[in-house]
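*Asks:* have a look at this prediction, sequence included:
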Amino acid sequence: MADKGNVTELPIPPDKGLEVTNKHKKARVFRDYLIEKNTINMFKEEEVETGVIFRSAYKIKDENKQFMIIFNDSIYITMQSLIIRDVPPEKREQMLRVINQLQFEFPTVKYVLTPDNHLMTSMTFHGNENTMQPATILLCTIEYFKVLAANHYDRFLAVLA
């Protein structure tokens, strides 16, 4: 600190909060697409240290399944969703068998049973601000949830019955 008479100058830290990175550029492209298609209100946008997240939900059997589309600084864009919270530990083996069978039948869909017994899914897209295709990301996400509702979800619920 420098003392200039009665005025003390404090050091000003560099402002890293204004730095525009790949996550911001990709999120801007996605946001612009949502605005153009008048679907921006379907999502809540949030920035975290590691990415920009667009949150929404898809209704399956009277339940809103929340999902996130995550933009980070890598080439990847991820859709991630919690499908079933708290799979009972005694149902874990059976649920893993169903997950394995579904991943064999539908190799582009990824399901995981987390260490704390939550069933999650994710899909990965790739692109930068110039090559990503927001329409494809949104369409594939919606189509995935349609398949989940029509084909997968009842199989998960049968394990829990």
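*Replies:* Alright, I've got the coordinates.

*Asks:* what's opposite the spatially most central residue of the chain in the beta bridge?
*Replies:* Within the chain, one residue has its C-alpha closest to the average C-alpha position: by Cα atoms, centre = their mean, that is Met68, at 2.8 Å. Under DSSP bridges, the beta-bridge partners of Met68 are Arg55, Gln80.

*Asks:* mind listing what it touches?
*Replies:* 53-55, 78-81 (Cβ atoms under 8 Å, 6 or more residues apart in numbering). All C-beta spots, glycine's among them, are computed from the backbone N, C-alpha and C.

*Asks:* how does it look with 7 Å?
*Replies:* Taking Cβ atoms under 7 Å, 6 or more residues apart in numbering as the contact definition, Met68 lies against 53-55, 80.

*Asks:* same question, Leu82
*Replies:* Leu82 sits in contact with 66, 118, 120, where contact means Cβ under 7 Å, 6+ apart.

*Asks:* next one, pLDDT for the second one please.
*Replies:* Going back to what we said before, that points to His118. The confidence metric pLDDT takes the value 97 at His118.

*Asks:* what's the answer for the first one, then?
*Replies:* Confidence per residue is given as pLDDT, and for Gln66 that number is 95.
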